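>>> Starting from these lines, generate the structure:
(2 chains)
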Protein chains: 2
Amino acid sequence: MPDTIIYLDPESPLNLQNQIRQKLVEGILSGALPPGHKLPSSRKLALQLDVARNTVVLAYQQLIAEGYIVSRARSGIFVNEAMLETRVGYGSDIVPASGARNAAWKKRTKRPVLAGRAGAQDLPNWNHYPYPFIDGKFDSSLFPIAEWREASRLALSVADVKEWSTGSGDADDTMLVDEIRSKILTRRGIQARSDEILITMGTQNSLYLISRLLADRSTSAAMEEPGNAEMRELLRQSGASVVAQPVDGEGIVVNGDLDDCDLVYVTPSHQIPTAVLMSPSRREALLKAAEENEFLIVEDDYECEINYLDQPQPALRSMDDKGRVIYVASFSKVLAPGIRLGYIVADSQFIQRARALRRTIMNHPPLNNQRTAAFFLSLGHYDALMMRLGRVLQERRMALRDALNWMRGVPMEISPEVGGTTYWVRTPSDFDVDAFARSAAQRGILVEPVKHYYAQEETAENCFRMGVTSLPIERIRDGVARLVDVIRSQVKEQVEHLDTTTGDWLKGDDLKTAMAGSTILYQEVYGAPCTIKYHRDRSMTGVLGFSNEEQDTGRWRIAKDRFYRQWSRWNYGEEMGYSIVIDGEQVKFFNEDGQIVDTAFLLRADPGDDTKGEDSPIWSTTQRTTGPM
Amino acid sequence: MPDTIIYLDPESPLNLQNQIRQKLVEGILSGALPPGHKLPSSRKLALQLDVARNTVVLAYQQLIAEGYIVSRARSGIFVNEAMLETRVGYGSDIVPASGARNAAWKKRTKRPVLAGRAGAQDLPNWNHYPYPFIDGKFDSSLFPIAEWREASRLALSVADVKEWSTGSGDADDTMLVDEIRSKILTRRGIQARSDEILITMGTQNSLYLISRLLADRSTSAAMEEPGNAEMRELLRQSGASVVAQPVDGEGIVVNGDLDDCDLVYVTPSHQIPTAVLMSPSRREALLKAAEENEFLIVEDDYECEINYLDQPQPALRSMDDKGRVIYVASFSKVLAPGIRLGYIVADSQFIQRARALRRTIMNHPPLNNQRTAAFFLSLGHYDALMMRLGRVLQERRMALRDALNWMRGVPMEISPEVGGTTYWVRTPSDFDVDAFARSAAQRGILVEPVKHYYAQEETAENCFRMGVTSLPIERIRDGVARLVDVIRSQVKEQVEHLDTTTGDWLKGDDLKTAMAGSTILYQEVYGAPCTIKYHRDRSMTGVLGFSNEEQDTGRWRIAKDRFYRQWSRWNYGEEMGYSIVIDGEQVKFFNEDGQIVDTAFLLRADPGDDTKGEDSPIWSTTQRTTGPM
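Numbers count the residues shown, from 1 in each chain, chains lettered A, B, ... in the order given. Below you'll find the model as predicted:
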């Protein structure tokens, strides 16, 4: 046997026995171990590989049972000649693939296919980037491996395999349908019979079925603007004309423009891409309009279950007693997108048609995964996982909120929180967001320009979007800091710069006079007002928010003509140093590189205002790690 | 706690701990165990359920970890109130589904969906029937549970989950693609690069993608006649006009009718539904015609891997150096249709388009199943399983061939074997095959009328088709015997009947004189000639086949005016008795019910021909269990 054929990899997920087995099979099938070839004895191979003899014996036994090798009494173990007889092309020359293939595929293709988009949200390798600030992406470290394994093991019992292995025509796993009904839909306030539920290959698949069934050239379909680009593309491919209906703080605007529509697609729980939660009154208005104008509503309940910043609203489908709402949801956000499971809840007549179309396309989603998901739900893992995810994602979103304070000092505006799960960063109007996203990607940071969410791209906001669903909390701050560096390098001309060589900033006693006892006012990056007092005793106090709801204390000092300050909680409790310039009523803070990082309104220092003693500030447990600079 | 909430089922696949856990979760989520409800102590519950206390403790601990229940020091265990806060509709009244839903779905549906067909091949519960003679159906008892479990466990390692859980945009698992290239395609003589392979949700899905991409109203597509009904429907739905091209013993007929086609769909390894294997010269002719007339070939390599009666031919794709062949195959026949995995091999430009369309429809097939299948292949299980399946199915097919000899005596004709994997039974032209199939189904037997395989149904053969891919060998004979009963009851008038009351058959010495020393000649049910000699010493000998390749010996006797005979191997070695009628040169055999079961040409008994002694026949091991009556 060629010595090189078996190399045991200590890093392999396979145990030694399986590695040996795998290598031998490869050798046999590739011809490296030809039919009739004699293999070394188990003793000899064990010595050679430095493994226990039993490991080799077990690998050999399995291969004998499966017919790869045969043991002949008193002569040894051989590669089975019978095994390979039926392999066409084995040992013979194979026709090489020709480069001169000439079928004119472009001409032959009859239908347009979804145009590739170059956005970061579509990068197949997004999870190889260290800082993927793409909202809605899945964090594989949150996948419930042990629980899924348990469910998977149960689904592979003999009795269960008997049920799912043969395929089912167009039926779904009744156990999964029952679990969805009882454990998920009730949570959304939806009561559904089994014939009102269809399992799909995730939301993309659900929307494909719906658009193929309900839209053609005669269809007018309304969508949120901005809205889900995938659905817009599906509707367009079906031939429908798409009405772009604006979104405000309560969700899609309901007005006369919807009257002539046949179909309205909405994302009420977590609007794509603004994350607005549709208000109860807007929900009622939409349903009323659907009733009066006889249009259907497609409710994409995207991320409803892990969008925990607001109290969830009952689904539109739960308020609909006329069968006008087609409800779409998936397991991708909670379980994993790689498994591709979703479902549609709708009137049984629609489900019947969707089932027939699904049968034409693929028969049914894999039944082993359906049964595994059913056990996962029945064991209660889904609810537990959802709670855990909600908690983790909320922590991450708070961390992003805090870290985005680093954005002060650059000409970017952070849009007021809406759903609170994703942040929109508005750039100057002449800023090339796409080019910026590309150069950020070169530094390992992914952000998502929002243009493709707009039907009318010319009206698109000059924004990019940031989310942290896939980003561990410890990388959020670092990622934002790096992103700010990229921004600074792009907007160099627009940002005030201190010439560090000329030294045109406050020094010595001037600096101390200006700062000690002063009060500064500004709005933090999300718009909340902030007041900071630098007391003469080198303590400082800050209050933040419209109701002064956040407060912190800290210390300031002056050293080598730089002003240093350190909050107990805000700004991660770290000391930062600045060069200070007073410009009229403004105080400007510059970092070590001479870049401006903050500007505030300066109240004249009042020599008599400082009544505070030299008490140490109280260092309390952190809750917010950043805050004012 | 309501006593009824926990009932432990000894038959459940779940262990006791998981059953307790599952019931408690159900109780909590359904509201039967309301928030704040106090649960019994682990000791008390263990007593109540008669299980070890540890079993309850472990179930409680897991539920506490997941937040379903909380333990309060010195007061006990309670249903967690916080767990349920976010559940909309919990405890509140839910709007009942209205019966008066009025969306006019029929009017709203824009596209035709595949018409439901009532054939046995489409019954979702076919596997509940005891005798499903439907070719190509999967036998769940052959699913490699242990091997798939092993592969599944490996695919759920932390490192693997990291790779597949996040989804992949439109990419496939590279490990699976590599395994298909190296372990499956080489066997079919196909060499393919990764960008020439697309994973699909099985053959139906592959054909959907191909028909959507390559067929529209301007397309002329040829198909085998009879041929795959699913593909014909897909082509028609795409708007293509379908050319029905006849099939002969070498496969699809290649003539001028293909010249104007854009696309030719063929099943060369195992023609659907005739099971013909396309001959090498026909393969060459088809590829040459494709070259000259610039049409594409879709090669559906249906069941190639388990069709072991003939030597496999290399795939058309392996002979094609112009990129004209689109190759389609699946794991459904070997692994299990419930898993839904297949693949397309074609020119990379076509694959690129098919991938884009697949992304629109569903992103990608589930990656957990892709990775599991990849490990299954890499461990060599696939090859071993295929060998095993080939063996089992061949045994079953031989058993069917033997059992079908019961069909002698009924006015049915069994078509000569073609692929040898499925049998066509031709009925009299006025026979209602569909009605027959329905009444067979009422007796637990499924057979498949072939009409739906024909584009021109009026030319369809009046046949039904029988296969045994899903039928264990011990049920085949019984199933065929029952089927013959059904046939007899349907064709009562057409079958010669003996009036058992008048007793118009040979008796006593007349019977002995007629049979002893006689020789009878006939053709067996598949057309092979057979000669049987009834020697005067009550032994008998038989030779069967065009080269007398099968022989058997046995004993005959006469008792109560009936003629009894027993072969050593043929006819399952069982003794059968007949009433005999001589009608000119014919001898007719009637069973106990007076039904004719066999007819043969009688050679005059020659008193001097019997030179054989009274030696006992040699009872040898059976190989063929049936044969001549």
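>>> Specify the local secondary structure of residue A:195.
Taking DSSP: H, G, I helix; E, B strand; the rest coil as the rule, one finds residue A:195 in the helix state.
>>> Quick check: closest non-adjacent residue to it.
Spatial nearest neighbour of residue A:195, chain neighbours left out: residue A:348 (4.3 Å); criterion: Cβ to Cβ, 6 or more residues apart in numbering or on different chains. Quick note: C-beta positions are derived from backbone N, CA and C, even for glycine.
>>> likewise residue A:384?
For residue A:384, the closest residue by Cβ to Cβ, 6+ apart turns out to be residue B:66, at 3.4 Å.
>>> For that neighbour, list the residues it contacts.
Applying Cβ atoms under 8 Å, 6 or more residues apart in numbering or on different chains to residue B:66 gives the contacts A:380, A:381, A:383, A:384, A:387.
>>> how much space between whatever residue of the stretch 401-550 of chain A ends up closest to chain B and residue B:359?
Using Cβ to the nearest Cβ, the closest approach of the stretch 401-550 of chain A to chain B is made by residue A:470 at 7.5 Å. Distance, residue A:470 to residue B:359, by Cβ to Cβ, to the nearest Å: 20 Å.
>>> Looking at those two, which one has more neighbours?
Between residue A:470 and residue B:359, counted using other Cβ atoms under 10 Å in any protein chain shown, the more crowded position is residue A:470 (23 against 19).
>>> Surely that one touches residue A:143?
No: assessed by Cβ atoms under 8 Å, residue A:470 is found out of contact with residue A:143, at 11.6 Å.
>>> Mind telling me what element the residue lying closest to residue A:467 once chain neighbours are set aside is part of?
Closest residue in space to residue A:467, ignoring its immediate chain neighbours: residue A:135 at 2.4 Å, by Cβ to Cβ, 6+ apart. If you go by DSSP states H and E, residue A:135 is not part of any helix or strand.
>>> Could you count how many residues lie near residue A:135?
When neighbours are defined as other Cβ under 10 Å, residue A:135 has 24 of them.
>>> What separation do you get for it and residue B:162?
Residue A:135 is 20 Å from residue B:162, by Cβ to Cβ.
>>> which non-adjacent residue is nearest residue A:60?
Nearest residue to residue A:60, sequence neighbours excluded (Cβ to Cβ, 6+ apart): residue A:42, at 5.8 Å.
>>> tell me the residue furthest from the middle of chain A?
When distances are taken from the C-alpha mean of chain A, residue A:74 lies farthest, 61.4 Å away, according to Cα atoms, centre = their mean.
>>> What are the phi and psi values at that one?
Reported as degrees, to the nearest 10, the phi and psi values for residue A:74 are phi 60, psi 0.
>>> what do you get for the one 4 residues further on?
Here the main-chain torsion angles of residue A:78 (degrees, to the nearest 10) amount to phi -130, psi 150.
>>> partner residues bridging it?
residue A:38, residue A:70 (DSSP bridges).
>>> residue contacts, it?
Listed by Cβ under 8 Å, 6+ apart, the contact set of residue A:78 reads A:36, A:37, A:38, A:39, A:69, A:70, A:71, A:72.
>>> mind checking which helix or strand the residue most central in space within chain A is in?
Nearest to the mean C-alpha position of chain A, counting by Cα atoms, centre = their mean, stands residue A:137 at 1.5 Å. Using DSSP H and E, residue A:137 sits within no helix or strand.
>>> Relative to residue B:545, how far out is it?
68 Å.
>>> What values do phi and psi take at the residue nearest to residue A:452 when sequence neighbours are not counted?
Computed as Cβ to Cβ, 6+ apart, the closest residue to residue A:452 that is not its neighbour in sequence is residue A:229, at 4.8 Å. Main-chain torsions, residue A:229, degrees, to the nearest 10: phi -60, psi -30.
>>> Number of residues surrounding the residue nearest to residue A:195?
18.
>>> what about the longest helix seen in chain A, average pLDDT?
Longest helix in chain A by number of residues (criterion: DSSP state H): helix A:381-403. Mean per-residue pLDDT for helix A:381-403: 86.
>>> For it, name the packing helices and strands.
The helices and strands touching helix A:381-403, judged by 3 or more Cβ pairs under 8 Å, 6 or more residues apart in numbering or on different chains; DSSP states H and E, are helix A:145-155, helix A:473-490.
>>> try 7 Å
If contacts are counted by 3 or more Cβ pairs under 7 Å, 6 or more residues apart in numbering or on different chains; DSSP states H and E, helix A:381-403 sits against helix A:473-490.
>>> list the buried ones in the helix it packs on?
For helix A:473-490, the neighbour count (16 or more other Cβ atoms under 10 Å in any protein chain shown) marks A:475-477, A:479-480, A:482-488, A:490 as buried.
>>> ok, and of these, which contact chain B?
The subset of those within reach of chain B, counting by Cβ under 7 Å from any Cβ of the partner chain, is empty.
>>> Could you single out the nearest of those residues to residue A:180?
Closest approach between the buried residues of helix A:473-490 and residue A:180, by Cβ to Cβ: residue A:476, at 33.6 Å.
>>> Nearest spatial neighbour of the closest one, chain-adjacent residues omitted?
residue A:399 (4.5 Å).
>>> Ok, residue A:347 next?
Excluding the flanking residues, the one nearest residue A:347 by Cβ to Cβ, 6+ apart is residue A:323, at 3.9 Å.
>>> Assumed residue A:556 was part of a strand.
Yes: using three-state DSSP, the secondary structure at residue A:556 is a strand.
>>> Quick one: residues contacting it.
Counting by Cβ atoms under 7 Å, 6 or more residues apart in numbering or on different chains, residue A:556 touches A:534, A:538, A:540, A:563, A:564, A:565.
>>> got a list of what the fifth one touches?
For residue A:564, the contacting residues are A:556, A:557, A:575, A:576, A:577, by Cβ under 7 Å, 6+ apart.
>>> thinking again about what came up before, who wins for most neighbours among the contacts of residue B:66?
Within the contacts of residue B:66, residue A:383 tops the neighbour count with 25 neighbours, counted by other Cβ under 10 Å.
>>> so who does that residue touch?
Neighbouring residues of residue A:383 by Cβ under 7 Å, 6+ apart: A:183, B:29.
>>> mind giving me the domain split of chain A?
Taking automatic domain parsing as the criterion, chain A consists of the domains A:16-79, A:145-382, A:393-490, A:508-603.
>>> and these, which is most packed in?
domain A:145-382 (a mean of 22; mean count of other Cβ atoms under 10 Å in any protein chain shown).
>>> Could you tell me the end-to-end distance of it?
Domain A:145-382 has an end-to-end distance of 12 Å (Cα to Cα, to the nearest Å).
>>> Centre of the chain to it, how far?
19 Å (Cα atoms, centre = their mean, to the nearest Å).
>>> And stretch A:13-31, by the same measure?
With Cα atoms, centre = their mean, you get 37 Å for stretch A:13-31.
>>> Ok, stretch A:536-545 next?
38 Å.
>>> what do you get for stretch A:448-462?
20 Å.
>>> Need the pLDDT of residue A:414.
83.
>>> can you list the residues that contact stretch A:249-256?
Counting by Cβ under 7 Å, 6+ apart, residues outside stretch A:249-256 touching it are A:224, A:245-247, A:266, A:268, A:271, A:276, A:278-279, A:282, A:285-286, A:289, A:418.
>>> rerun at 8 Å
Under Cβ under 8 Å, 6+ apart, the answer for stretch A:249-256 is A:222, A:224, A:245-247, A:264, A:266, A:268, A:271, A:276-279, A:281-283, A:285-286, A:289, A:418.
>>> near chain B too, which of those residues?
Contacts with chain B within the contacts of stretch A:249-256, counted by Cβ under 8 Å from any Cβ of the partner chain: none were found.
>>> ok, residue A:433 - contacts?
Residue A:433 neighbours (Cβ under 8 Å, 6+ apart): A:427, A:449, A:451, A:462, A:463, A:464.
>>> what's the pLDDT at it?
89.
>>> Backbone dihedrals for it, please?
Dihedral angles phi and psi of residue A:433 (degrees, to the nearest 10) take the values phi -60, psi -40.
>>> how close does the closest residue in space to it that isn't next to it in sequence get to residue B:340?
Once flanking residues are discounted, residue A:433 sits nearest to residue A:449: 4.4 Å by Cβ to Cβ, 6+ apart. According to Cβ to Cβ, residue A:449 and residue B:340 sit 36 Å apart.
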